[in-house]
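>>> got a predicted structure here, sequence first:
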Amino acid sequence: MKKIFTLFLMLSNIACFAQDSLYVRKMVNTLASASFWGRGYTKDGMKKTADFLLAAYKNIGLLPMGTDFKQEFAYPVNTFPGKMFVAINGKKLMPGRDFIVNNESAGVKQKGSLEKVDSLNFIAHPNLRIQLKDKLTWSVATTVAQETTIEINRKNFKEIPREISVDIENKFIENFRASNICGWIKGTKQPDSMLIITAHYDHLGGMGADTYFPGANDNAAGVATLLSLAKYYKAHPQPYSIGFICFAGEEAGLLGSRYFVENPPIPLSKIKFLINLDLVGTGESGMTVVNASVYPKAFSLLNEINQEQKLISKINSRGKAANSDHYFFTEKGVPAFFIYTQGGPSAYHDIFDRAETLPLTEYHDLFKLIVGFNQRIME
């Protein structure tokens, strides 16, 4: 009878994880789809994502953190909503694949000859520059430069640039409205003590009317894992309260998390530990923990759980770094880890960070590790 009961529990766990895997995969596919247009600054990508996450929070049954789930703030951003045409030597180039426009660039419409500066740099006039690159990586700018810089993938374009025709539209938004999405589950014994899971939901948005950056690993995977943990903790209430924050504005300079710590809807002193998830869609080569050397006891505990359960193949230690949304919490004295996985596809801040090529290799093991770590923190 005992063996039958044990088998039943194993099968139940397998079924539960199978359902979780389907849920996480569906979330990654959805968040990285064209419907959300890179979760950024054109075609209402970020607003649509915020509304989607708000609905997901309510569906799970989370409580609003403070008076509302949404914590609104604003910041300046340079966007590229429309024309995105570049032709070199009479050949039209494809946005994202063959070229990108530097994120601080102004709009420009021009035809003319290119003057060689060196083997990688060319100019059409002082305010229009061409750079040849081995890899095209985009980002978000909060200012506009006086010039326009176009980066060309020299692996796809092997000619020497001589002539250019360009028509690029930019739009600078002084007060782009964004929202952090914040929810929580009340603890059963010590509700004033809180553990927090965070992940930024914004990505790079679109470049022109036809090209967007899916951001499957960065950071649809982190958001999907956060939502999966929220579902788990809603079904399994803990002694401490558990909070969940999806930040906006990370790609523009950690703006959402900075706004949160400067305008906290809950006292930061209540947060006993925070785990920030960013770039967690792989894991073949293990994972890295930022702030591991800052909180050695917590890192030792994490490793202990990992070894006991034989989860992640390798956990690398890293020191303090201002490279994701954990940073401003640490600066305010909140203990925090930033976790990211390694291995698998190398796509990053480009159009190739797609859901269909993201393996989610260590989703289950990372889920178990976080649950185990939180459990030990509450003991």
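Received it, and whenever you're ready, just let me know what you need.
>>> low-confidence regions, this protein specifically.
Along the chain, the model assigns pLDDT under 70 to residues 1-19.
>>> need the residue closest to the centroid of it.
In the chain, the residue lying closest to the centroid (CA atoms, centre = their mean) is N219, at 2.7 Å.
>>> helix/strand/coil for L311?
coil (DSSP: H, G, I helix; E, B strand; the rest coil).
>>> my guess is it meets F367, correct?
No. Between L311 and F367 there is no contact under CB atoms under 8 Å: 9.4 Å. Quick note: C-beta positions are derived from backbone N, CA and C, even for glycine.
>>> how much space separates the residue nearest to the centre of the chain from Q238?
Relative to Q238, N219 is positioned 25 Å away (CB to CB, to the nearest Å).
>>> equivalent analysis for N78, please.
43 Å.
>>> same thing with F352?
For F352 relative to Q238 (CB to CB), the value is 39 Å.
>>> what about these two, which has more around it?
Ranked by neighbour count (other CB atoms under 10 Å), F352 and Q238 place Q238 first, with 20 against 16.
>>> surely the more buried one meets R376?
No. At 11.9 Å, Q238 does not count as touching R376 under the criterion of CB under 8 Å.
>>> where exactly do the helices run in the protein?
When assigned using DSSP state H, the helices of the chain occupy the ranges 2-31, 45-60, 221-235, 255-262, 296-309, 327-331, 363-378.
>>> quick check: angle from the second one to helix 221-235?
To tie it back to what came earlier, the one meant is helix 45-60. Counting by axes from the mean of the first three to the mean of the last three CA atoms, to 10 degrees, helix 45-60 points 20 degrees away from the direction of helix 221-235.
>>> cool, the last one as well?
For the pair helix 363-378 and helix 221-235, the angle between their directions (the same axes, to 10 degrees) equals 50 degrees.
>>> which residues touch the closest residue to N121 other than its chain neighbours?
With sequence-adjacent residues excluded and distances taken as CB to CB, 6 or more residues apart in numbering, N121 is closest to Q131, at 5.6 Å. Going by CB atoms under 8 Å, 6 or more residues apart in numbering, Q131 touches 120-122, 149-152.
>>> partners of Q131 in the sheet?
Counting by DSSP bridges, Q131 is bridged to N121, E151.
>>> sorry, back to before: which of the contacts of Q131 are buried?
Burial by neighbour count, 16 or more other CB atoms under 10 Å: within these this picks out 122, 149-152.
>>> closest to P191 among the residues you listed?
E151 (50.9 Å; CB to CB).
>>> returning to that earlier point: would you mind putting the helices of the chain into CSV with distance to D192 and mean neighbour count alongside?
CSV is the format used below for the helices of the chain (distance: least, CB to CB, whole Å; neighbours: other CB atoms under 10 Å):
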stretch, distance to D192, mean neighbour count
helix 2-31, 30, 13
helix 45-60, 21, 19
helix 221-235, 17, 23
helix 255-262, 19, 21
helix 296-309, 21, 15
helix 327-331, 18, 20
helix 363-378, 13, 18
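>>> domains of this protein?
Annotated domains of the chain cover 21-78+174-378, 83-168 [automatic domain parsing].
>>> deepest-packed of these, please.
domain 21-78+174-378 (a mean of 20; mean count of other CB atoms under 10 Å).
>>> centre of the chain to that domain, how far?
In terms of CA atoms, centre = their mean, to the nearest Å, the centre of domain 21-78+174-378 is set 7 Å apart from its chain centre.
>>> which non-adjacent residue is nearest T341?
Leaving aside its sequence neighbours, T341 sits nearest to G283 (CB to CB, 6+ apart; 4.0 Å).
>>> contact partners for that neighbour?
Listed by CB under 8 Å, 6+ apart, the contact partners of G283 are 312-313, 341-344, 361-362, 365-366.
>>> out of these, who's nearest V101?
So of the contacts of G283, ranked by how close each gets to V101 (CB to CB), first place is G344, at 28.6 Å.
>>> what helices and strands are in contact with the strand ranked longest in the chain?
Counting by DSSP state E, the longest strand found in the chain is strand 171-185. Helices and strands touching strand 171-185, by 3 or more CB pairs under 8 Å, 6 or more residues apart in numbering; DSSP states H and E, are helix 45-60, strand 63-64, strand 70-79, helix 221-235, strand 240-247, helix 255-262.
>>> kindly recompute the last result at 7 Å.
Helices and strands touching strand 171-185, by 3 or more CB pairs under 7 Å, 6 or more residues apart in numbering; DSSP states H and E, are helix 45-60, strand 63-64, strand 70-79, strand 240-247, helix 255-262.
>>> direction included, what does the shortest one pair up with?
Sheet pairing for strand 63-64, assigned by DSSP bridges, gives strand 171-185 (antiparallel).
>>> also compute the angle for the partner strand relative to helix 255-262, please.
Using the same axes, to 10 degrees: strand 171-185 against helix 255-262 is 50 degrees.
>>> tabulate the CA atom coordinates of strand 171-185 in CSV.
Output in CSV follows, covering the C-alpha atoms of strand 171-185 (Å, rounded to 0.1, in the frame of the first residue of the first chain):
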residue,chain,number,x,y,z
LYS,A,171,10.2,59.8,-32.3
PHE,A,172,11.4,61.0,-29.0
ILE,A,173,8.9,60.6,-26.2
GLU,A,174,9.7,62.8,-23.2
ASN,A,175,7.3,61.1,-20.7
PHE,A,176,6.7,57.5,-21.7
ARG,A,177,4.2,56.0,-19.3
ALA,A,178,5.1,52.6,-17.9
SER,A,179,4.0,50.4,-14.9
ASN,A,180,5.6,47.9,-12.6
ILE,A,181,3.1,45.1,-11.9
CYS,A,182,3.2,44.2,-8.2
GLY,A,183,1.3,41.5,-6.3
TRP,A,184,1.6,39.3,-3.2
ILE,A,185,0.3,36.3,-1.3
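>>> run through who's touching it.
41, 46, 50, 53-54, 57, 62-66, 69-79, 81, 144, 233-234, 237, 241-249, 256, 260, 265 (CB atoms under 7 Å, 6 or more residues apart in numbering).
>>> many thanks, we can stop here.
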